[in-house]
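Asker: model this:
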Amino acid sequence: MPGIARNGAVADIIQFKDRGGGRGDNVIVRRPLEFRRGEWRSGFVMMCTREESGRFEAHREDALRAEGHRHVAFVPDHITLDGGLHFTVMGLYRHRDDEASMRRVYRLAAMMECVTKEPSPILRTDLLRRFYKTITEERDALRVIWRGSVQDFLLPVHPVWYDLQRFGRRVAGAGSLKALYDVIREESDAQFDVLSLHYVFYLPESFVG
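Answerer: Residues are numbered from 1 along each chain as shown. From the prediction side, this is the model:
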C-alpha cells in the first residue's frame, strides 16, 4: 500500500463515545478533501491513504455494532500533520466548503516553501519584495498564518502519485516572476488533486471544535 511511514499509536485502545447505538457517521465533508472526525480528543490531524482509511472504517463499524464495550485496538497507518503542516491543514479545513479558497491556501503554502526551502534565482532579486507582498495579501485574505519555526508547508504525498522533487526543479527553472507564479499554481494544484483523490484526514475533537 502506498504510504509514508510516520505513524504512531494515539492510544493502545480508543474507546468510542456513545452515539445512541446507531451507525456512527464520522464524515465532516467528502469533497474537495475528505475530512472525518477522529475518536480521540486531542493531538494532531492524521492523514492516511483511502485504502488505509477503508480498512480502519471497516474495523470501526465492527466496533460500533458490538454489544457492550466498543473500542478499536489500532488507529490507521498515517502521517501526523504536526509542525508547519498543522497550520496548513488548519487553513484547508477553515475553507473546506470552498474549493477555490482551499486551492489558494495550498498555493500560499507552496509560496512559503519557495521563500524557505526551494532555491529560485528570481527570489534573489528585487522581485522578492513583490513576492512577499503577494504572500502577505493572500495570508490576510485567507486568514492563514504559520507560527513558530516551520520546516514544512506542503503536505507529504507518496511519490507514486506525485514526484515531490519536481516542484523544486520547476521553481529553480522559472525565468521570470510570472513563470514562477505559474509553476506554483500548476504544481500546488497537482498536489491538491492527489490529496483529493488518494487521502483522508482524521481530525481530533479539539481541532473540530
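
Asker: domain parsing for the protein?
Answerer: 14-82+198-208, 89-197 (automatic domain parsing).

Asker: Columns mean pLDDT on top of the ones you listed, output as TSV?
Answerer: Formatted as TSV, these follow (pLDDT from 0 to 100):
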stretch	mean pLDDT
domain 14-82+198-208	78
domain 89-197	96
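
Asker: could I get those domains as JSON lines with mean neighbour count?
Answerer: Where you see a C-beta, it was placed from the backbone N, CA and C, and this is true even at glycine. Shown next, in JSON lines, are the domains of the chain (neighbours: other CB atoms under 10 Å):
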{"stretch": "domain 14-82+198-208", "mean neighbour count": "16"}
{"stretch": "domain 89-197", "mean neighbour count": "16"}
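
Asker: what residue lies at the spatial centre of this protein?
Answerer: Closest to where the C-alpha atoms of the chain average out (CA atoms, centre = their mean) is V89, at 4.5 Å.

Asker: Need the single longest helix in the protein, by residues.
Answerer: helix 177-198 (DSSP state H).

Asker: what's the angle from the helix or strand just after it to helix 177-198?
Answerer: Downstream of helix 177-198, the next assigned helix or strand under DSSP states H and E is strand 199-203. Relative orientation of strand 199-203 and helix 177-198, computed by axes from the mean of the first three to the mean of the last three CA atoms, to 10 degrees: 80 degrees.

Asker: Could you check how far the helix or strand just after strand 199-203 is from the centre of its chain?
Answerer: Going down the chain from strand 199-203, the next helix or strand is helix 205-208, by DSSP H and E. The chain centroid and the centroid of helix 205-208 are separated by 15 Å, computed with CA atoms, centre = their mean, to the nearest Å.
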